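Student: fold the following.
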Amino acid sequence: MATEDAKQPLEAEEEARARSSSVTSTGSAKKRKISYVSLTSHPGVGRTNPIPVEWGNPDPIKRGPVVCTGQANARRNAIGAHGGSYCIYRALAIASNALDPDYKPNFTNTQPAAKIGPYAQWGNPDKIVTIDPFGAVVPTIFAKDIEEGVDTRPTIAITKAHIDFPEIKDALREGRLKPDGKILMPDGQVNVTKAAIEPCWYLPGVAKRFGVTEDRLRNLLFRETNGMYPELLTRTDLHMFLPPIGGLTIYIFGDVESISDPSKKLAVRVHDECNGSDVFASDICTCRPFLHYGIEVAIETAQQGGAGVIVYFRKEGRALGEVTKYLVYNARKRQEGGDKASEYFNCTQKVAGVMDSRFQALMPDCLHWLGITKIDKFVSMSNMKYDAITESGIEIIERIPIPAHLVPKDAQVEITAKVYEGYDGGSVYKVSKDDLEATTGRSGNDFGVDGEKPAN
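Tutor: Alright, predicted model coming up:
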């Protein structure tokens, strides 16, 4: 006997939408009035024959497009939403009637300003698991699918720009750098190619990087986002996930083609966001000085016939967030004896429960996307970054620490603690146990905060 429950999931969902939802039009913008929402936590609902994705296939057509859309009856194959954390603002734009919820982007003239790839790594499912390597050319490669109504969108945009960095102008004025008229202009402006990348995770690959099962990863992602994405548990047929996190930006100095050419010198700095230092020049850490030094080395290497790359990840406060970072700052300054290198990591551990959440296992993906096989100058002291890159198969010839004179006085606590714990200081930094114990920074009084402890 045929029953309502016996209907195919897609048919049942379409019927429910037809019964319970309506769309009204106001002016040129549509205003939805929805009384029915399909919850994918209901068994059997929402399985709409997703477009197959053969991750790691070097042929993008055979690999298939990444489709992540909330439109009714769409054959999406990804969980989450485009735009990372900015997807929330899309909802607000629709709520304020500023955006038509059914608007489809017009990609005319948005094609990449420089050609990157394809490279051999794009066809290796183990080399890239957090980026859609074809994300910059989606409107071109999948033009036919888009014409047929498939809502697939770019997750990478490549453009060119001029950047003005005060410290680079200082280097020019002081003679450390010289203008060449192509990369570095006489006025200190720098010509770059840059790529913005939104994360696009292949869950089986991400799970493998962390040595857990895909089921375990899905369960943790579901729990630690407080159940935001039930499809992580209910749609095990969807292996793509566009997470609600910040992405990354890649700045390229010199010819793009030189990046993947092992016969050319390549300088690289992988930098994790630090708003306080990078933007506002806070002196408690080495982030901005190391960033501008990395840019300086990148320019110099490019001028010598090679190329330079700066990768800027949105991993504020060691991926713990800026609020947590500031809480740690207060704890460091207010502790007995003030800020000190010997307690640098312990203060973070006490506040956050972990010293660092960046876990660099996923970081090398962007380097493989660029076709990099060898880095001649790695402008970083981080052992975690070095290990992640070399273990992924990329050779690093030389590690370059930040010059001592660039380290702010109050950042001596940070640099001393990091070198003692394993950061590579080269011939510039050697830290003993006595050095660790003797290195201190500002106290609570110097910091302008009192030492009152919060009530229990």
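Student: and Gly246, how many neighbours does it have?
Tutor: Using other CB atoms under 10 Å, Gly246 has 17 neighbouring residues. Any C-beta I mention is one placed from the backbone N, CA and C, and that applies to glycine too.
Student: oh, that last question was meant for Ala352, not what I typed.
Tutor: Look at Ala352: counted by other CB under 10 Å, it has 18 neighbours.
Student: touching, it and Ala331? I think so.
Tutor: No. Counting by CB atoms under 8 Å, Ala352 stays clear of Ala331, with 10.4 Å between them.
Student: who touches both of the two?
Tutor: By CB atoms under 8 Å, 6 or more residues apart in numbering, Ala352 and Ala331 have no common neighbours.
Student: and stretch 164-176, what's buried?
Tutor: Applying a neighbour-count criterion of 16 or more other CB atoms under 10 Å, one finds Phe165, Glu167, Ile168, Ala171, Leu172 buried in stretch 164-176.
Student: and the third one, how far is that from Gln189?
Tutor: To Gln189, Ile168 is 9 Å away according to CB to CB, to the nearest Å.
Student: just the ones of the buried residues of stretch 164-176 in helices?
Tutor: Among these, the members falling in helices are Glu167, Ile168, Ala171, Leu172 (criterion: DSSP state H).
Student: looking at those, spot the one nearest Tyr423.
Tutor: Tyr423 lies nearest to Glu167 out of these, by CB to CB, at 22.2 Å.
Student: quick one: residues contacting that closest one.
Tutor: His292, Ile295, Glu296.
Student: so which of these is the most crowded?
Tutor: Going by other CB under 10 Å, Ile295 tops the contacts of Glu167 with 26 neighbours.
Student: and it, what helix or strand is that in?
Tutor: Per DSSP states H and E: Ile295 is located in helix 287-303.
Student: spatially nearest residue to Gly294 (excluding sequence neighbours)?
Tutor: Arg269 (3.1 Å; CB to CB, 6 or more residues apart in numbering).
Student: tell me the secondary structure for that neighbour?
Tutor: With DSSP: H, G, I helix; E, B strand; the rest coil as the basis, Arg269 sits in strand.
Student: touching, it and Thr301? I think so.
Tutor: No. Using CB under 8 Å, Arg269 is not in contact with Thr301, being 11.0 Å away.
Student: what stretches of the stretch 151-300 of the chain score poorly on pLDDT?
Tutor: Along the stretch 151-300 of the chain, segments meeting pLDDT under 70 are nowhere present.
Student: and the residue positioned nearest the centre of the chain, its phi and psi?
Tutor: Nearest to the geometric centre of the chain sits Gly247, at 3.0 Å (CA atoms, centre = their mean). Note on Gly247: backbone dihedrals following degrees, to the nearest 10 are phi -100, psi -140.
Student: quick one: contacts for it?
Tutor: Applying CB under 8 Å, 6+ apart, the residues near Gly247 are Gly84, Ala196, Ile197, Glu198, Pro199, Arg314.
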